[in-house]
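>>> this one's structure only:
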């Protein structure tokens, strides 16, 4: 019996290892879009329902799709300077920013001024596929060519809306015209609301193609930004992410006077990055003008024959030029650079007094690594 029990446990263990853990109970591993749904969930592009299900056959609203598309392209932190006005949404609407970004990046066409966006309408297959195609730089084709390409495979080409023929043709050429696998004739079903599974597959195809051939605005936004500044030699670049490791040293300047003789431990301070922090390749990690905040951790005044002054900064956050406030855990001890004679005097007699003016540089040593999106300066938390 013991041997049998061990065998059963071993079999269960093997099954637990061999069978992948799926994110949703209603998306089995053999679902035609399971891989795309799993990947986009891991990346935070799509989410399930409060009950833990995904409901792959449900529809997606136009507002939801705009938000998903912007997340899929990694542009949720982009700032749009001149928003477009709609009659049925305002800045308080939850997807307002995503919709404005979708317009800015030419994913959707800008309607005439004052027209509604219809955020709660279901996004159609034609609309969702068009957004995916609009995210790319594609070869121009004629309507005639598009119809020729589509008519070779799809039975309902005659009822495809004229405005969608060329985008559909481009999508087919790029293998992006997502069709639910089923027996019988294949149909584009342009006007049918797209299901959540179809949307996941469309967004995945868009993400993959945009890595290779993004449209002009996306290409600029996805480009790693470069510039001159203080080189953080220890920084590491992987893809579009730069990491400043723990232990790296960066220079900052306080915005007001601090002293070992007059300041008090616990006082708050503000500092600024007076130049860009950059990698060895000149990719910008933190832009000039970023604000750093923290407290004076240890303050002790210098006294002759007793001790040198102590002034230690405990930094906690940084506010970037993107107006993002993120953790920036670092410490900095103020020290004066002396020649050998003064070092001897201070070491024997002590009494060093430490004063920091807004023109003086203080060096901070990071306690925890910082990861930065090099395309837009966003710090991952």
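Happy to help now that I have it. On a predicted model such as this, the values are computed, not experimentally measured, just so you know.
>>> Distance of the residue nearest to residue 355 when sequence neighbours are not counted relative to residue 360?
Nearest residue to residue 355, sequence neighbours excluded (CB to CB, 6 or more residues apart in numbering): residue 259, at 4.7 Å. (Each C-beta comes from the backbone N, C-alpha and C, glycine too.) Plainly put, residue 259 is 11 Å away from residue 360 if you go by CB to CB, to the nearest Å.
>>> can you list contacts of the host helix or strand of residue 326?
Assessed by DSSP states H and E, residue 326 sits inside strand 325-333. With contacts defined as CB atoms under 8 Å, 6 or more residues apart in numbering, strand 325-333 is touched by 250, 252, 292, 294, 297, 310-320, 362-368, 370, 379, 381.
>>> Mean confidence (pLDDT) on that strand, please.
Confidence over strand 325-333 (mean pLDDT, whole number) is 95.
>>> That strand - which strands sit beside it in the sheet, and in what orientation?
Within its sheet, strand 325-333 is paired with strand 310-319 (antiparallel), strand 361-366 (antiparallel), according to DSSP bridges.
>>> Which ChimeraX command selects the buried ones in the contacts of strand 325-333?
Buried residues among these (16 or more other CB atoms under 10 Å), as a ChimeraX selection:
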select :250,252,292,294,297,310,311,312,313,314,315,318,319,320,362,364,366,370,379
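>>> Let me know the helix or strand that the most centrally placed residue in the chain is in.
Averaging the C-alpha coordinates of the chain gives a centre point, and the residue nearest to it by CA atoms, centre = their mean is residue 74 (5.1 Å). Mapping residue 74 onto the secondary structure by DSSP H and E places it in no helix or strand at all.
>>> still on that earlier bit, which phi and psi values does the residue nearest to residue 355 adopt?
Taking degrees, to the nearest 10, you get phi -150, psi 150 for the backbone angles of residue 259.
>>> Just give the number of residues close to it.
17 (other CB atoms under 10 Å).
>>> show me the residues around it that make contact.
Shown in contact with residue 259 (CB under 8 Å, 6+ apart): 311, 353, 354, 355, 356.
>>> gap between it and residue 252?
Applying CB to CB, one obtains 17 Å for the distance of residue 259 from residue 252.
>>> ditto for residue 105
Counting by CB to CB, the gap from residue 105 to residue 252 is 34 Å.
>>> Show me this protein divided up by domain.
If the domains of the chain are taken from automatic domain parsing, they occupy 20-222, 230-380, with pieces of a single domain joined by a plus sign.
>>> Low-confidence bits of the stretch 201-350 of the chain, can you list those?
Along the stretch 201-350 of the chain, the parts satisfying pLDDT under 70 run over 302-308, 336-350.
>>> can you rerun that using 90?
Per-residue confidence of the stretch 201-350 of the chain (counting by pLDDT under 90) places the weak regions at 211, 239-240, 259-262, 299-311, 322-323, 334-350.
>>> those helices in it, which residues are they?
Assigned by DSSP state H, counting those that start in this stretch, the stretch 201-350 of the chain shows helices spanning 216-222, 340-349.
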